[in-house]
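S.K.: sequence below, structure please.
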Amino acid sequence: MFRTTGFVLALSLFFLLPAHAREEEESFAVEVDKAKVLRLPRAASAVIVGNPAIADAAVHNGRILFITGKIYGNTNIIALDARGNTILERTISVSAPKMAAITYYRGGLQRSYTCAGLCEPTPSIGDDKDLFNKLLKQQESKTEQGNTAALPE
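M.R.: Numbering: from 1, shown residues only. Have a look, this model is predicted:
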């Protein structure tokens, strides 16, 4: 009898909590270098990410946020309305990408590869600094070539 009463009491308290208080307990998961949509129940006028080195939030409109994972770890996000009331407060968990990947260790150096048929070097956190910088320069050059080619003559 006591167990049932305790369960009913806990369930009643859960539904009596405001929605934003229940949302505080939930976590929002995103992968490194990926973005996900986070919808708010009402428009926010301020959005704060606890550690912007771990994740970033871009406000699309007052009710839609794009959360991008930057490095592995956990941080939090808080959204406030125009009166300063909390709309949402959640933990953001940023994890490794779920794809075919290999991390190669030789001596004290780490190198990362993404594999889809063939394995190609991919810059990743913790990789050998020289290879990491070389790969980033190649990506920047490719992006610049694409941007230049897209310009009207």
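S.K.: make it CA atoms for all contacts and neighbour counts henceforth
M.R.: Noted.
S.K.: buried residues, stretch 88-103. List them.
M.R.: Going by neighbour count (16 or more other C-alpha atoms under 10 Å), the buried part of stretch 88-103 is Leu88, Glu89, Arg90, Thr91, Ile92, Ser93, Val94, Ser95, Ala101.
S.K.: could the residues you listed go into JSON lines alongside distance to Cys115, pLDDT and secondary structure?
M.R.: Shown next, in JSON lines, are the buried residues of stretch 88-103 (distance: C-alpha to C-alpha, whole Å; pLDDT from 0 to 100; DSSP: H, G, I helix; E, B strand; the rest coil):
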{"residue": "Leu88", "distance to Cys115": "38", "pLDDT": "95", "secondary structure": "strand"}
{"residue": "Glu89", "distance to Cys115": "37", "pLDDT": "96", "secondary structure": "strand"}
{"residue": "Arg90", "distance to Cys115": "33", "pLDDT": "97", "secondary structure": "strand"}
{"residue": "Thr91", "distance to Cys115": "31", "pLDDT": "97", "secondary structure": "strand"}
{"residue": "Ile92", "distance to Cys115": "27", "pLDDT": "97", "secondary structure": "strand"}
{"residue": "Ser93", "distance to Cys115": "25", "pLDDT": "95", "secondary structure": "strand"}
{"residue": "Val94", "distance to Cys115": "21", "pLDDT": "92", "secondary structure": "strand"}
{"residue": "Ser95", "distance to Cys115": "18", "pLDDT": "88", "secondary structure": "strand"}
{"residue": "Ala101", "distance to Cys115": "6", "pLDDT": "78", "secondary structure": "strand"}
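S.K.: Tyr72 touches Ile54, doesn't it?
M.R.: Yes - if you go by C-alpha atoms under 8 Å, Tyr72 and Ile54 touch, sitting 6.5 Å apart.
S.K.: list the residues that contact both of these two?
M.R.: Any residue near both Tyr72 and Ile54 by C-alpha atoms under 8 Å, 6 or more residues apart in numbering counts here, and that gives Val94.
S.K.: helices of this structure, start to end?
M.R.: 2-16, 19-23, 129-150 (DSSP state H).
S.K.: spatially central residue for the chain, please.
M.R.: Gly69 (3.0 Å; C-alpha atoms, centre = their mean).
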